[in-house]
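Participant: Could you look at this predicted model? Sequence included:
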Amino acid sequence: KNEVEQSPQNLTAQEGEFITINCSYSVGISALHWLQQHPGGGIVSLFMLSSGKKKHGRLIATINIQEKHSSLHITASHPRDSAVYICAVRSKGGSQGNLIFGKGTKLSVKP
Amino acid sequence: DVKVTQSSRYLVKRTGEKVFLECVQDMDHENMFWYRQDPGLGLRLIYFSYDVKMKEKGDIPEGYSVSREKKERFSLILESASTNQTSMYLCASSLRQGYSNQPQHFGDGTRLSIL
């Protein structure tokens, strides 16, 4: 079983819809990251969180440490949000800087 | 803004060749990483380095080596390229972990094809 599981694997939405991507993990963590990868390859760090909730523009990330679960929400989705969204965790006591990655959720937002 | 630059976006090499992938970061980061990304498998760590001349194996180091002679540069070497090393390769850097969970900053990736 993977230590970081994301759902869904693929998601198609209409422009304007509210989107939720989920991430569950099985290890104790010191931090969880949400990353965005556009077609073409470059990866951008969206959020890093260890508790509660963070918001940046139309993106909201939440984490529940007790339930070992995080969600990434996109409000008023737009075609430019189409990308692969990757959840990654840094395990407690893990080696310097190592992250454990989920396999990603591919989001397509149709106009 | 942090800039992580990978030397090539696309690269085509032949089986048996020695291949060098270069990565440079401009923010004086201690940590640097090499990943490969394959469909259905996600990102997997090949090697990382936490200081000049220091390196640690990641999850899939077989067939690869690395070099970190200067703080800003981290090179991935395929000693004798094989077709199963065809993949997207991503470099990343971050401050040392002790500085309260720093994010990793990624380059744009190198799509390597071994024929």
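Facilitator: Great, that's in hand.
Participant: And the residue of chain A closest to chain B?
Facilitator: Of all residues in chain A, A:Gly41 sits closest to chain B, at 3.4 Å by Cβ to the nearest Cβ. Using the backbone N, CA and C atoms, a C-beta is placed for each residue, glycine as well.
Participant: Would you agree that residue is in contact with B:Leu112?
Facilitator: No: with contact defined as Cβ atoms under 8 Å, A:Gly41 does not count as touching B:Leu112 (11.7 Å).
Participant: Between the two, which contacts overlap?
Facilitator: B:Met88 (Cβ atoms under 8 Å, 6 or more residues apart in numbering or on different chains).
Participant: Neighbouring strands of the helix or strand hosting B:Lys55 in the sheet, and parallel or not?
Facilitator: Per DSSP states H and E, B:Lys55 falls inside strand B:54-57. Strand pairing for strand B:54-57, determined by DSSP bridges: strand B:42-51 (antiparallel).
Participant: Name the residues of the partner strand that come out as buried.
Facilitator: For strand B:42-51, the neighbour count (16 or more other Cβ atoms under 10 Å in any protein chain shown) marks B:42-43, B:45-50 as buried.
Participant: which parts of chain A sit against chain B?
Facilitator: A:30-31, A:33, A:35, A:40-45, A:48, A:50, A:86, A:88, A:90, A:95-99, A:101-104 (Cβ under 8 Å from any Cβ of the partner chain).
Participant: Show me just the buried residues among these.
Facilitator: For the residues of chain A next to chain B, buried by 16+ other Cβ under 10 Å: A:31, A:33, A:35, A:41-43, A:45, A:48, A:86, A:88, A:90, A:96-99, A:101-104.
Participant: Out of those, which sit inside helices?
Facilitator: Judged by DSSP state H, those include no members of helices.
Participant: sec struct for the residue most central in space within chain B, please.
Facilitator: In chain B, the centroid-proximal residue (Cα atoms, centre = their mean) is B:Trp34; its distance is 2.5 Å. Following DSSP: H, G, I helix; E, B strand; the rest coil, we place B:Trp34 in the strand state.
Participant: quick one: contacts for it?
Facilitator: B:21, B:23, B:45-48, B:58, B:64, B:66, B:74, B:76, B:89-91.
Participant: Show me the beta-bridge partners of it.
Facilitator: Going by DSSP bridges, B:Trp34 forms beta bridges with B:Tyr47, B:Cys91.
Participant: Repeat that for the one 4 residues further on.
Facilitator: Listed by DSSP bridges, the beta-bridge partners for B:Asp38 are B:Gly42.
Participant: Can you give me the neighbour number for it?
Facilitator: 12 (other Cβ atoms under 10 Å in any protein chain shown).
Participant: pLDDT of stretch A:22-41, averaged?
Facilitator: Stretch A:22-41 shows a mean pLDDT of 90 in the predicted model.
Participant: Tell me who's in contact with A:Pro39.
Facilitator: A:Pro39 neighbours (Cβ under 8 Å, 6+ apart): A:82-83.
Participant: how much space between it and B:Cys23?
Facilitator: Using Cβ to Cβ, to the nearest Å, one obtains 21 Å as the distance from A:Pro39 to B:Cys23.
Participant: swap in A:Gln9?
Facilitator: For A:Gln9, the distance to B:Cys23 - Cβ to Cβ - is 29 Å.
Participant: just A:Thr75 next, same as before
Facilitator: According to Cβ to Cβ, A:Thr75 and B:Cys23 sit 35 Å apart.
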